[in-house]
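Trainee: Provided below are the primary sequence and the corresponding predicted coordinates.
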Amino acid sequence: MSLQPIDFMTLTPDVFSDFVTKNALLTAGDKTGCNTMTIGWGQLGSIWNVPVCTVYVRPERYTYAFMEKRGYFTVSIIPSDRRDIARICGSKSGREVDKAAQCGLTVAYGEGDAPYFEEAELVLVCKKLYAQDLAGSFVTDAGPIDKFYGKAGNWHRMYIGQVVAAYANQ
């Protein structure tokens, strides 16, 4: 099987499964270099009358620099039986390891030279529309948030990307 373009407007992904229990990889960069990381936070929906995918990255992550520099990013949903990929891409830094090579992933490129992986069961290619740092001053209920930030902060940057293409393993 290979990834084929699909009409993303007809997608009905299980967001809670795709971002929480499966292996979602955020990838940014281009043909000159890229990095990927496992993500567990994300949303799919609509804002400004366009379909969007929202992801979050802490500034100290290697992927952050790629997200800041490039106008596109991808989210690749890897099959759930490949937890090894999520473990490696979530625990090792791309500064020291070529995670795609170590995981045996085949890099392909979508719109804007956005890198994604042929082994994915679903890929969203996103054009970056908006980025903003999360901040403690805007928290209205700290209950679920304290375990991620505590008093120290270390807040993520939110990226909203317009979904411009999608590929699925058919």
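Mentor: Done, it's in.
Trainee: which residues does the nearest residue to A100 once chain neighbours are set aside bridge with?
Mentor: Using CB to CB, 6 or more residues apart in numbering and skipping residues adjacent in sequence, the residue nearest A100 is V107, 5.6 Å away. Any C-beta I mention is one placed from the backbone N, CA and C, and that applies to glycine too. Counting by DSSP bridges, V107 is bridged to F117.
Trainee: what about V107, how many neighbours?
Mentor: V107 sits with 15 neighbouring residues when counted by other CB atoms under 10 Å.
Trainee: Was I right to think it contacts A114?
Mentor: No - taking CB atoms under 8 Å as the definition, V107 is not a contact partner of A114, at 10.6 Å.
Trainee: Strands of the chain, residue ranges please.
Mentor: 3-6, 23-30, 33-39, 43-47, 50-57, 72-78, 107-109, 115-117, 122-133, 157-169 (DSSP state E).
Trainee: Out of those, flag the one nearest D98.
Mentor: strand 33-39 (9.4 Å; CB to CB).
Trainee: Show me what the closest one is in contact with.
Mentor: 19, 23-29, 55-57, 61-63, 66, 75-76, 85-87, 89-90, 94, 99-100, 105, 107, 115, 117 (CB atoms under 8 Å, 6 or more residues apart in numbering).
Trainee: How about stretch 108-117?
Mentor: Here stretch 108-117 has contacts from 3, 25, 27-31, 34, 36, 70-74, 76, 78, 100, 105-107, 118, 123, 125-127, 164-165, 167, using CB under 8 Å, 6+ apart.
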